[in-house]
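Enquirer: fold the following and give me the result.
(2 chains)
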Amino acid sequence: MKNFLILGAGTAGTMMANKLRKELSIDEWNITIVDQFKTHYYQPGFLFIPFGIYKKEDVIKPKSDFLPIGVNVVYSKIDKIVPEENKVLLDEGQVLKYDYLLIATGTKTSPEEVEGLKGSQWNKSVFDFYTIEGSVALAEFFKSWKGGKLVVNVAELPYKCPVAPLEFVFLADAFFTERGMRDKVDITLATPLPGAFTKPKATKLLGGLLEEKNIKIIPDYNISSLDNEKKTIVDYGGTEIPFDVLVTVPTNKGDDMIERSGMGDDLNFIPTDKHTLKAENYDNIFVLGDASNIPTSKAGSVAHFAGEILMENILCEIEGRPMTASFDGHANCYIVTGHGKGTLIDFNYTTEPLPGNFPMPGIGPFGLLQITRMNYYGKMLFRWIYWHVLLKGKEMPISANMTMAGKKL
Amino acid sequence: MAQKQFAGVTVDVNDEGYFTNSSQWTVDVAKAVAQEEGLQLTDTHLAVLDYIRKSVEGGAALTIRSMGKCGIVDVKGFYGLFPGAPLKKATKIAGVPKPTSCI
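Expert: Numbers count the residues shown, from 1 in each chain, chains lettered A, B, ... in the order given. Sure, this is the predicted structure:
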């Protein structure tokens, strides 16, 4: 029997466990998946919790609901990978050997990377919405907040779901407008990006929306520290921003286990071939999802598209053929813009988000770089698709690589 | 494609002023580009520019954070050398493409 080992049972690991069990003969291949936690979080839902749109119970389910029969599940912390010996050491001394390894340990927030960020104001007036604890604490805070300066800050690049901070400020604008206190809330987004987004067409639309909603943006802002007494943040350029409530997107890093294994870059992301999805320095290790360093969005949609390519390449590799599938960096993001509307962007390594219709040219039903109610339904419908289609590794009627059909140059 | 004169040398640049052909770069050219950005290059500047050129040649994606670990300056020092938006300014003067933010 040969062993296929998956580290991480999040979005990427779970969908690959399902795909692999379907493709690999049960008589020849053991498939094992390791994760330290038993709960699966629907992370795109964290964004909605501070505004009372979702509650905690809307975004959690047991991981075991999504893992197929015929896959060994090990709930344990991982000590490290020993790639030279094709083995993984778990906590408590257990050793797992592998013929092929898939690393899908994702990314996590590391607020301790910025001086003062996780200080006395943490979860009092400084919150994050990338963890369940942070988004729930922020929901409580907003219930009784009387208004003031709301500052949203992205600590550094890259970070998971690059449009989420924009969605957060759009939702905040709508939330405080609906409560009749928008005039008492000053909203600022301070980001290391040069604008609302990196690419011209999307930046124009999203930047225009910020202006229309009276949300101030401070671009090229690289936070250096937070002063818990004064309640200010300061960046390396010396720009100080006072806040009454700070919503932070802390530095994102790969798992500490990657560092212990000596396999990551300075943020613990694993150097990965952006087309084949194989780890750059190893012949029998693949990387899927946020754990890799491929230059596209860290997002579930990317893991899904890349997963289809990866499945093909794993089969090529196992059968001794050259890897024929090539990932193009395809990302697809629904962006809520507030008041029950949203927009949609679809792009890859080389093509910026363009206007048009998706997925059917001329028909849609979704509008690319257009603000529509249908796009918002798409976003809300996605939770159902996530639990029932995406995690189960089922096919969706959208091609893995990006298509130009329906896009206007 | 646009062209620009720096220290008597004609270089190819994109619409944001970044070099499209890194091999057209020389120290004198860099000094002229820096002057346009309002900077006088010191030896420390040149050491940082050299680090940037070598890193980009080696395929590394530069970030403010990685610059802080270059061994020449820390992040604050990097801001001191190239005030405002240091990575954008430094890459422009180093004659390499503007760093792409991966989103």
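
Enquirer: which secondary structure element is home to residue A:378?
Expert: helix A:373-385 (DSSP states H and E).

Enquirer: give me the buried positions along that helix.
Expert: Residues of helix A:373-385 classed as buried under the neighbour-count rule (16 or more other CB atoms under 10 Å in any protein chain shown) are A:374, A:375, A:376, A:377, A:378, A:379, A:380, A:382, A:383. Bear in mind the C-beta positions are built from the backbone N, C-alpha and C, glycine included.

Enquirer: now stretch A:386-397
Expert: So stretch A:386-397, judged by 16+ other CB under 10 Å, has buried residues A:386, A:390, A:391, A:392, A:393.

Enquirer: again with stretch A:76-89
Expert: Buried-residue list, stretch A:76-89, by 16+ other CB under 10 Å: A:78, A:79, A:80, A:81, A:83, A:86, A:87, A:88, A:89.

Enquirer: look up how far chain B lies from residue A:25.
Expert: As for residue A:25, its distance to chain B is 37 Å (criterion: CB to the nearest CB, to the nearest Å).

Enquirer: any idea how far that residue is from residue A:318?
Expert: Note on residue A:25: its distance to residue A:318, by CB to CB, to the nearest Å, is 10 Å.

Enquirer: so the two - more neighbours on which side?
Expert: Between residue A:25 and residue A:318, residue A:318 has the larger neighbour count (other CB atoms under 10 Å in any protein chain shown), namely 17 against 7.

Enquirer: what number of residues lie near the closest residue to the more buried one other than its chain neighbours?
Expert: Nearest non-adjacent residue to residue A:318, counting by CB to CB, 6 or more residues apart in numbering or on different chains: residue A:100, 7.2 Å away. A count of nearby residues for residue A:100, using other CB under 10 Å, gives 21.

Enquirer: mind listing what's buried in the longest helix along chain B?
Expert: Among the segments of chain B that qualify as a helix by DSSP state H, the longest is helix B:43-57. Using 16+ other CB under 10 Å as the test for burial, helix B:43-57 gives B:45, B:46, B:48, B:49, B:51, B:52, B:53, B:55, B:56.

Enquirer: pLDDT score assigned to the first one?
Expert: So the one you mean is residue B:45. Residue B:45 is assigned 96 on the pLDDT scale.

Enquirer: got a list of what it touches?
Expert: Contact partners of residue B:45, counting by CB atoms under 8 Å, 6 or more residues apart in numbering or on different chains, are B:34, B:39, B:81, B:82, B:93.

Enquirer: one more time with 6 Å
Expert: Neighbour list for residue B:45: residue B:81 [criterion: CB atoms under 6 Å, 6 or more residues apart in numbering or on different chains].

Enquirer: also the third one?
Expert: With contact taken as CB under 6 Å, 6+ apart, residue B:48 is in contact with residue B:72.

Enquirer: phi and psi next, for the residue nearest to residue A:318.
Expert: With angles defined as degrees, to the nearest 10, residue A:100 sits at phi -130, psi 140.

Enquirer: burial measure for the closest residue to residue A:116 other than its chain neighbours, as a count.
Expert: Excluding its sequence neighbours, the residue lying closest to residue A:116 (CB to CB, 6+ apart) is residue A:226, at 3.8 Å. Using other CB under 10 Å, residue A:226 has 26 other residues around it.

Enquirer: which of the three states applies to residue A:226?
Expert: Following DSSP: H, G, I helix; E, B strand; the rest coil, we place residue A:226 in the strand state.

Enquirer: coming back round to it: what is the mean pLDDT for the helix holding residue A:378?
Expert: On average, helix A:373-385 scores 94.

Enquirer: residue of chain A nearest chain B, please.
Expert: Relative to chain B, the nearest point of chain A is residue A:162 (3.5 Å; CB to the nearest CB).

Enquirer: for that residue, helix, strand, or coil?
Expert: Residue A:162 ends up coil, using three-state DSSP.

Enquirer: with residue A:73 instead?
Expert: Strictly by three-state DSSP, residue A:73 counts as strand.

Enquirer: residues in contact with it?
Expert: A:33, A:67.

Enquirer: worst-scoring helix or strand of chain B, pLDDT-wise?
Expert: helix B:64-68 (a mean of 82; mean pLDDT, DSSP states H and E).
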